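Trainee: here are the coordinates; sequence isn't available:
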């Protein structure tokens with residue numbers, strides 16, 4: 001409006017002046033004086049317009065200030081008692097729905113931080129402000145579950161389902177709480193509801209498989225694990241769960257295949273190595289079981305389960321070491337020389353199922369007639385040690401029983417150049433490493449490497465011992481040398497991956513881990529293809 005006025009007033013004045021100039025009825029004064037009067041009038045009009053604009057600006061400013069003060073007075077509580085403090089820090093002056101929403105968001109943040117106590121307080125405030133909030137009951141049930149209060153968790157989840165009967169997550173979580181309370185049958189009914197409402201969720205099938213296994217329904221459990229694997233092919237949990245059921249029902253070969261698959265998916269998963277260790281223990285092979293248990297303990301997860309299996313493996317080793325050795329006939333020269341060649345370490349798939357690297361040249365020992373030495377050099381197949389008759393086990397590489405260093409020293413002293421045999425020092429280091437005496441194990445492996453620098457087994461074993469001593473750079477150097485000598489050495493790649501990760505080389509660690517997984521997969525495929533055809 002002010003902009004229009006600025007142009008309208010001069011036009012009106014000019015029209016008036018023009019009308020006066022060209023009017024015949026009016027007398028014509030001096031034209032020059034009229035122009036001067038007109039200019040003066042225009043100047044006065046411009047001044048008035050400027051004053052009017054300033055006044056409008058002041059009025060607008062005053063109106064804004066008045067509106068802001070009014071809003072401030074409205075937002076302030078009318079009385080101090082109307083704004084009590086709340087656990088979630090919510091302003092009580094806000095409407096109930098807003099306070100409930102803010103309390104719920106505060107509880108979710110606490111839940112994400114695993115601060116379940118403050119989360120329960122915030123969700124409780126939400127429920128007090130909004131008793132129909134099924135999500136608040138659901139998440140408070142989560143918090144009670146993770147704190148181990150399964151009774152309260154079941155109560156909250158039941159209330160959530162009463163408000164929202166079609167929530168599959170509430171059924172699944174209540175099933176977990178019931179299962180943790182020892183009510184497997186009731187839990188199974190809930191997980192059935194969750195599966196019906198969300199049939200594409202693999203977690204529901206995993207939970208139902210666990211419950212079937214607890215109720216002794218192995219066939220149903222295997223079917224659920226198969227369905228979970230179909231929906232999530234990269235779920236190592238599904239393979240590990242199925243491996244446990246297969247092992248329980250005597251299907252040890254299929255169980256071992258699932259353990260290998262879990263290791264291939266996630267080589268840093270402790271449970272996968274413990275799975276394979278349980279297979280080895282079930283077949284009486286304590287030495288490879290110890291390798292996998294040590295690997296699991298190095299990763300640092302599931303320490304209680306690893307310690308339990310370690311104790312079982314050591315008892316098995318001690319029992320074999322203390323068992324009376326059978327009398328044996330003198331061993332032929334060729335047999336002694338073949339047994340003295342270093343054997344592959346069984347810690348990785350490539351080592352357990354693929355041919356070992358070329359044996360280094362060692363001094364040719366004389367024939368051994370001692371019963372102790374003959375028993376020490378015996379190499380029985382693992383299949384012969386199986387406690388499960390009628391089940392064909394994977395044909396692993398021949399192994400020798402681990403014996404204490406004192407026995408090795410005795411045998412070595414009876415052999416010509418025994419102490420100069422790289423295999424002797426490698427065995428010595430392996431025994432010390434199994435006893436977690438890594439300092440002395442490094443010294444023994446060093447002796448073996450000095451005698452035979454091409455012994456990749458000793459280099460990798462020393463790298464592992466250095467890794468346990470947190471000497472990561474030295475461990476990487478030894479593993480790299482072992483890989484140069486044997487490019488298919490999966491376990492060396494895995495050891496180097498752990499050392500690189502400890503030094504912060506995440507990219508290099510991931511590359512080595514993936515390479516180890518590829519070698520494990522190739523070894524497993526070769527073992528599968530090499531199986532003889534079964535009879536119809």
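Mentor: Perfect, I can see it now. No experiment lies behind these values; they were computed from the predicted model shown.
Trainee: buried stuff in the helix or strand hosting residue 292?
Mentor: Using DSSP states H and E, residue 292 sits in helix 286-299. Within helix 286-299, the residues scored as buried using 16 or more other C-beta atoms under 10 Å are 286-297, 299. To be clear about C-beta, it is placed using only N, CA and C from the backbone, and glycine gets the same treatment.
Trainee: From the contact counts, what lies against it?
Mentor: Packed against helix 286-299 by the contact rule (3 or more C-beta pairs under 8 Å, 6 or more residues apart in numbering; DSSP states H and E) you find helix 270-282, helix 303-322, helix 422-434, helix 456-468, helix 490-502.
Trainee: now the angle between helix 422-434 and the second one, please.
Mentor: Yep, that's helix 303-322 we're talking about. 140 degrees (axes from the mean of the first three to the mean of the last three C-alpha atoms, to 10 degrees).
Trainee: next one: the fourth one
Mentor: Relative orientation of helix 456-468 with respect to helix 422-434: 30 degrees, computed using the same axes, to 10 degrees.
Trainee: Need the contact partners of the helix or strand just after helix 456-468.
Mentor: Sequence order places helix 472-485 as the next helix or strand after helix 456-468, per DSSP H and E. Surrounding helix 472-485, the residues in contact under the criterion C-beta atoms under 8 Å, 6 or more residues apart in numbering are 357, 454, 456-457, 459-460, 462-464, 466-467, 489, 492-493, 495-496, 499-500, 502-503.
Trainee: now stretch 499-509
Mentor: Residues from elsewhere that reach stretch 499-509 (C-beta under 8 Å, 6+ apart): 463, 467, 470, 472-473, 475-476, 479, 497-498, 512.
Trainee: just the buried members of the residues you listed?
Mentor: Buried members of the contacts of stretch 499-509, scored by 16+ other C-beta under 10 Å, are 463, 467, 472, 475-476, 479, 497-498, 512.
Trainee: what's the closest of those residues to residue 152?
Mentor: The nearest member of the buried ones among the contacts of stretch 499-509 to residue 152, counting by C-beta to C-beta, is residue 498 at 41.3 Å.
Trainee: which residues sit in contact with that closest one?
Mentor: 298-299, 467, 509.
Trainee: And residue 274, by the same measure?
Mentor: Residue 274 makes contact with 292-293, 296, 302, 305-306, 309, according to C-beta under 8 Å, 6+ apart.
Trainee: Look at residue 95 and say how many residues are nearby.
Mentor: For residue 95, the neighbour count with other C-beta atoms under 10 Å is 9.
Trainee: cool, residue 141 as well?
Mentor: For residue 141, the count of nearby residues is 28 (other C-beta under 10 Å).
Trainee: my read: it touches residue 175, true?
Mentor: No: here residue 141 lies out of contact with residue 175, judged by C-beta atoms under 8 Å, at a distance of 11.9 Å.
Trainee: what's the average pLDDT for stretch 179-192?
Mentor: Throughout stretch 179-192, pLDDT has a mean value of 91.
Trainee: May I see the buried residues of that stretch?
Mentor: When neighbours are counted by 16+ other C-beta under 10 Å, the buried residues of stretch 179-192 are found to be 179, 183-184, 186-188, 190-191.
Trainee: What about these, which are in helices?
Mentor: Helix and strand membership here follows DSSP state H; of these, those in helices are 179, 184, 186-188, 190-191.
Trainee: Output the residues you listed as TSV; include the columns distance to residue 60.
Mentor: Compiled in TSV, these are given as follows (distance: C-beta to C-beta, whole Å):
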residue	distance to residue 60
179	68
184	73
186	70
187	68
188	71
190	64
191	66
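Trainee: which among these gets closest to residue 430?
Mentor: Each of those was checked against residue 430 using C-beta to C-beta; the closest is residue 179, at 42.4 Å.
Trainee: which residues does the nearest residue to that closest one once chain neighbours are set aside contact?
Mentor: Spatially, and ignoring its direct neighbours in sequence, residue 179 is nearest to residue 187 (4.0 Å; C-beta to C-beta, 6 or more residues apart in numbering). Under the criterion of C-beta under 8 Å, 6+ apart, the neighbours of residue 187 are 174-176, 178-179, 211.
Trainee: Show the buried residues in those residues.
Mentor: Neighbour-count burial within those applies to 174-176, 178-179, 211; the criterion is 16+ other C-beta under 10 Å.
Trainee: Can you redo the residues you listed as JSON lines, where the extra columns are distance to residue 231?
Mentor: Supplementary listing: the buried ones among the contacts of residue 187 in JSON lines, determined by distance: C-beta to C-beta, whole Å:
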{"residue": "174", "distance to residue 231": "22"}
{"residue": "175", "distance to residue 231": "18"}
{"residue": "176", "distance to residue 231": "19"}
{"residue": "178", "distance to residue 231": "24"}
{"residue": "179", "distance to residue 231": "21"}
{"residue": "211", "distance to residue 231": "18"}
